[in-house]
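# quick one, structure for this:
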Amino acid sequence: MSVNILLPDGSSKSYPQGVSPQMVAEDISPRLAKAAVAAEVDGQVCDLSIALGAGEHRVRILTDRDEPALEVLRHTAAHVLAQAMIRLYGPGVQYTIGPALMDDFQYGFYYDFDLPEPIGQEDLEKVEAEMRRVIQEQVPTRRREMSPGEAIALMEKLGQRYKIELIEDLVRDEKVQQVSLYEQGDFTDLCRGPHLPHTGMVKAFKLLAVAGAYWRGSEKNKMLTRVYGVAFFDEKRLAEHLTRIEEARKRDHRVLGKQLGLFLISDAVGPGLPLWLPKGTRIRMELEGWLRGELLKRGYQPVITPHIGRLDLYRTSGHYPYYQESQFPPLVERETLEKLAGEGCSCVELQQRMERGEVDGYLLKPMNCPHHIQVYKAAQRSYRDLPVRLSEFGTVYRYEQSGELNGLTRVRGFTQDDAHIFCTPEQLEGEIQSCVELTKLVLATLGLSDYRVRISLGDRSSDKYVGDPEHWALAEENIRSVVKKLGLSYVEAAGEAAFYGPKIDFMVKDCLGREWQLGTIQVDYNLPERFALEYIAADNAPHRPVMVHRAPLGSPERFIGILIEHFGGAFPLWLAPVQVAVLPVSEKVADYAASVHRRLSEAGLRSEFDDSSEKIGAKIRRSTLDKVPYMAVIGPREQEAGAVSVRSRSAGELGAKPLDDLVAGLRLEVDSKGASPLSGAPGA
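All right, here's what the predicted structure looks like:
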């Protein structure tokens, strides 16, 4: 039987059964065969050596210019790392998992090891040298498939107990009959692949960090050693990437947050629980205040709900017990605990009884939506009342693992700029469109113009999603309809939906090209069903509303953490915690400088008066390090003229200006949230 190959240019070729993509490349041209690194067969990336079965196949030969090839390169680089580690530290090295990373800004791959001796950052140079030797040897990679029993026997021979556990899990959970392994000289790994034909194709790489990582991400398991690296097909791209990493380090919001006095994480309070300092609080209040104003214009009604709720509330919503791993443990009333203790109830039994619904308690709220549902249910609703738009900057709590916490961007206690819209099915698409337009306004106002739209869909083969499949299909169609109507380009991603419904995610790139998921809009037919929500329609019969969950910022904590890095701490004037620093050159002009400070403050500007005895050069340096947008330098000439000498963070010296002109210019820039009328720059 023959194999019919359909090529990207529309042509086709016939070959005997068993032909490989490498053979197809050689038949097309020697140049392509030399450049080939992998192949895409029927939409799946695979090895060049794979034998193709009879029938028709769409084949694309991948070279280092094709985006999917980079993942193959990084996966092979992870195997080169593991092989080098075994050569350096002996057969006692246990290697666990080593994936390629394509969505991480800094890292391109990692491998987790259980090592006979600890290593640190200082050892990476030695490991890199051994990796280069593996690469210079151009060790061929070969895929082998075998039964799980054969693979377990091989891994027992190699002493790789973690690999044995992985194979046993594949048999139990996925009922696999065969597993694939890759041989790379004296190194063999359990791996789905694909890989480069040989190690010599790993052209440019760098090991970046050593960190601890629990086996399978559980704190109950052993701490392993994770080695991070990155790889590219050429040294130029590697150098550019390392430069971006260095720039990102300079912009690290944890460092800038401390330098600029914006927030802190206190061990006394607890990990992942940020404390907002006065300057950081000003930024947050300004951002939230602006958004609250926009919500009121759009008919949202503000509400305030408590930080905890009964377990039964979250049992109904589905948040408990299905997502309890990411929640803080429930709180049980003292009387109940005393009664159960008297009955000899153990902690494990108590947890089991709570999961079965036999014991009630309270939960630090992981989401605001169940509380907002209760607000909706507090009154009988007519179709004339809908849509009901409830908004809250509500604080929620998630038990993130300690190793995943990261400044403001990954925390355990955070606020959501949350809103829930209850509407009729006929109103739904108009409400979705309004939410999209609000999110676009937020991003445009903050200069975040580089983004893409992702429609996040459910995976019906997974059991993590709840509700009627027909409702899911309807919600997905509602979302697609709006996105198409607005002319937005989008991609669809299966398995990325919330557990109760599909959503629109705005994937935003910052100034370094890092992508962040920020604004989100979720369509939900399921929670109204679970809570039996109703409104009386025109036919005088009860009907079920539809819910929209939306958060343009996501959370102020994460959003501001991203903004700190995007702006490098140099916030636009309207957000800056200190908008203008008043700097007298000597005590002789201190009274006039104080009056300038009062005038600026009375105009609603955040002015800081530096009346210290330091020289003016030191005052200017301090304000520069604090990234203050404007400085009003005041000497005898300015006092005599009733003016100020203005320095802009972005445009430098602007010369002497009448005080009235400075106030008017600053107010215009703040109110417009746009370009500076004082300097002509796009924000000081």
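# give the buried residues for the longest helix along the chain.
For the chain, the longest helix by residue count, based on DSSP state H, is helix 67-89. Neighbour counts using 16 or more other Cβ atoms under 10 Å place 68-87, 89 of helix 67-89 among the buried residues. In short, each C-beta sits where N, CA and C put it, glycine included.
# mean confidence score for it?
Averaging pLDDT along helix 67-89 yields 97.
# each with direction, which strands does the helix or strand just after it pair with?
Moving toward the C-terminus from helix 67-89, the next helix or strand (DSSP states H and E) is strand 94-95. The pairing partners recorded for strand 94-95 under DSSP bridges are strand 109-114 (antiparallel).
# between the strand it pairs with and helix 67-89, how many degrees?
Counting by axes from the mean of the first three to the mean of the last three Cα atoms, to 10 degrees, strand 109-114 points 30 degrees away from the direction of helix 67-89.
# quick one: contacts of the helix or strand of the chain with the lowest mean pLDDT?
Taking mean pLDDT, DSSP states H and E as the measure, the chain has helix 347-355 as its least confident helix or strand, at a mean of 86. Helix 347-355 has contacts (Cβ atoms under 8 Å, 6 or more residues apart in numbering) with 311, 321, 324, 330, 332, 340, 345, 359-361.
# where do the helices sit along the stretch 151-300 of the chain?
161-174, 235-250, 253-259, 278-297 (DSSP state H, counting those that start in this stretch).
# in TSV, list those along with mean neighbour count and mean pLDDT.
Formatted as TSV, the helices of the stretch 151-300 of the chain follow (neighbours: other Cβ atoms under 10 Å; pLDDT from 0 to 100):
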stretch	mean neighbour count	mean pLDDT
helix 161-174	15	95
helix 235-250	13	94
helix 253-259	18	96
helix 278-297	16	97
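# re earlier: so among the contacts of helix 347-355, which ones count as buried?
Buried among those by 16+ other Cβ under 10 Å: 311, 321, 324, 330, 332, 340, 345, 359, 361.
# of the residues you listed, which is the nearest to residue 140?
Closest approach to residue 140 among those (Cβ to Cβ): residue 324, at 47.6 Å.
# tell me how many other residues crowd the closest residue to that closest one other than its chain neighbours.
Of all residues beyond its chain neighbours, the one nearest residue 324 is residue 355 (7.7 Å), with distances taken as Cβ to Cβ, 6 or more residues apart in numbering. For residue 355, the neighbour count with other Cβ atoms under 10 Å is 16.
# quick one, grab the pLDDT at residue 140.
97.
# that one and residue 195: what is the separation?
Distance, residue 140 to residue 195, by Cβ to Cβ, to the nearest Å: 10 Å.
# anything in contact with each of these two?
Shared contacts of residue 140 and residue 195, defined by Cβ under 8 Å, 6+ apart, are found at residue 184.
# more neighbours: these two, which one.
Comparing residue 140 with residue 195 by other Cβ under 10 Å, the one with more neighbours is residue 195, at 28 against 15.
# my read: the more buried one touches residue 182, true?
Yes - counting by Cβ atoms under 8 Å, residue 182 is a contact partner of residue 195 at 5.8 Å.
# identify the contacts common to the two.
79, 141, 143.
# is the second one in a helix, a strand, or coil?
For residue 141, the secondary-structure state derived from DSSP: H, G, I helix; E, B strand; the rest coil is strand.
# that one: neighbour count?
For residue 141, using other Cβ under 10 Å, the count is 24.
# setting the sequence-adjacent residues aside, check what's closest to it.
Using Cβ to Cβ, 6+ apart, the nearest residue to residue 141 is residue 195, at 4.5 Å.
# residues in contact with that neighbour?
By Cβ under 8 Å, 6+ apart, the neighbours of residue 195 are 47, 72, 75-76, 79, 141, 143, 182, 184.
# 10 Å instead?
37-38, 46-49, 72-73, 75-79, 140-143, 182, 184, 189, 201 (Cβ atoms under 10 Å, 6 or more residues apart in numbering).
# repeat that for residue 530.
Taking Cβ under 10 Å, 6+ apart, we find residue 530 in contact with 315-318, 370, 373, 466-467, 500, 524.
# check residue 27 too.
Per Cβ under 10 Å, 6+ apart, neighbours of residue 27: 5, 13, 15, 19, 33.
# for the last one, what is the enclosing helix or strand?
What it means is residue 33. Using DSSP H and E, residue 33 falls within helix 30-35.
# list the buried residues in that helix.
Burial within helix 30-35, assessed by neighbour count using 16+ other Cβ under 10 Å, is assigned to residue 33.
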